[in-house]
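Enquirer: Coordinates only, no sequence provided:
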C-alpha cells in the first residue's frame, strides 16, 4: 500500500500539476527554514528553496520508497543543494532560531521591551557567531537536531553517517557552544 507522499510522487510523475503544487506547499516552509538556518538571509534561503525544488522535480523519478520515506529523500536533496552552494561560495553563515535564544536565558520581564529586544538581538548574534565558528559537520548536526527537531536516526540517514557519529557530533557541538557562552559570560562579568 502506498503512503500519501508516494501517491503524490506517482501523480507528479504522471504530470499532474496539482500533485506537484501539493508537495511544494507541504514541504516548502520546511525547506525554506532549513535553508534559512544555514544562510541567515531570507533572499538566499528563498533562492536555495527554489533550487532545492528544481532538483527535487528533476530527480523525482529516482525516488524509491523502499530506500526510505519521501521526507528524508526530499531533505537529503535539499541539504545537498545547500552544501553545493556552500562549496561554491565558501561562506556558511548560520542563523539560530528561538530555541537558542531561550537556551541563553536572557528574557527578564523586569526589563523594558526595547532593552530586552536589544539583549536578545545581541545574544542571537553571539550565538550565530558561535555556530559559525563550529566545524561544518558539528554545525550541521546541531541545526538538524536542535533547530529542525529531527530524530537522531533521520539525521544519520540524511548525513550518511552512523547514528553514534551524529550523537557524538551533537554532543561536541553543544560542548563547544557552552564553552563559548561561558567565556562570554566571564568577559561580560555576568556570571549567570
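Expert: Nice, thanks for sending it over. Source: prediction; values computed, not measured. Numbering: from 1, shown residues only.

Enquirer: Quote the end-to-end distance of stretch 144-163.
Expert: This stretch, stretch 144-163, spans 13 Å end to end (CA to CA, to the nearest Å).

Enquirer: helices and strands of the chain: which one bottoms out on pLDDT?
Expert: Using mean pLDDT, DSSP states H and E, helix 98-104 stands out as the lowest-scoring helix or strand of the chain, at a mean of 39.

Enquirer: Which residue ranges make up the domains of the protein?
Expert: Annotated domains of the chain cover 4-89, 98-188 [automatic domain parsing].

Enquirer: so can I have TSV of the ones you listed showing mean neighbour count?
Expert: The C-beta positions use only the backbone N, C-alpha and C, and glycine is treated the same way. Shown next, in TSV, are the domains of the chain (neighbours: other CB atoms under 10 Å):
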stretch	mean neighbour count
domain 4-89	16
domain 98-188	16
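
Enquirer: Can you flag the weakest of those by average pLDDT?
Expert: Among the domains of the chain, domain 98-188 has the lowest mean pLDDT, at a mean of 73.

Enquirer: Give me the phi and psi angles of residue 161.
Expert: phi -140, psi 160 (degrees, to the nearest 10).

Enquirer: List of residues touching stretch 155-175?
Expert: Identification of contacts with stretch 155-175 by CB atoms under 8 Å, 6 or more residues apart in numbering yields 68, 72, 75-76, 79, 134, 137-142, 144-146, 150, 152-153.

Enquirer: So residue 84 versus residue 10, what's the distance?
Expert: Distance from residue 84 to residue 10, counting by CB to CB, to the nearest Å: 28 Å.

Enquirer: just the helices in the protein please.
Expert: In the chain, the helices defined using DSSP state H lie at 4-13, 17-39, 42-59, 70-89, 98-104, 113-133, 136-142, 152-159, 163-188.

Enquirer: Now do the same contact list for the most centrally placed residue in the chain.
Expert: Centroid-nearest residue in the chain: residue 34, 3.5 Å away (criterion: CA atoms, centre = their mean). The contact partners of residue 34, by CB under 8 Å, 6+ apart, come to 75, 78, 79, 82, 143, 148.

Enquirer: any idea how far it is from residue 45?
Expert: 8 Å.

Enquirer: for residue 31, same thing?
Expert: Counting by CB to CB, the separation of residue 31 from residue 45 is 9 Å.

Enquirer: who's in contact with stretch 135-144?
Expert: For stretch 135-144, contacts defined as CB under 8 Å, 6+ apart pick out 34, 37-38, 79, 86, 92, 94, 131-132, 134, 150, 154-155, 158-159, 166, 169-170, 172-174, 176-177.

Enquirer: Enumerate every residue touching residue 52.
Expert: Applying CB under 8 Å, 6+ apart to residue 52 gives the contacts 31, 35, 77, 78, 81, 82.

Enquirer: Tell me who's in contact with the last one.
Expert: Remark: with contacts taken as CB under 8 Å, 6+ apart, residue 82 is in contact with 34, 35, 38, 39, 48, 52.
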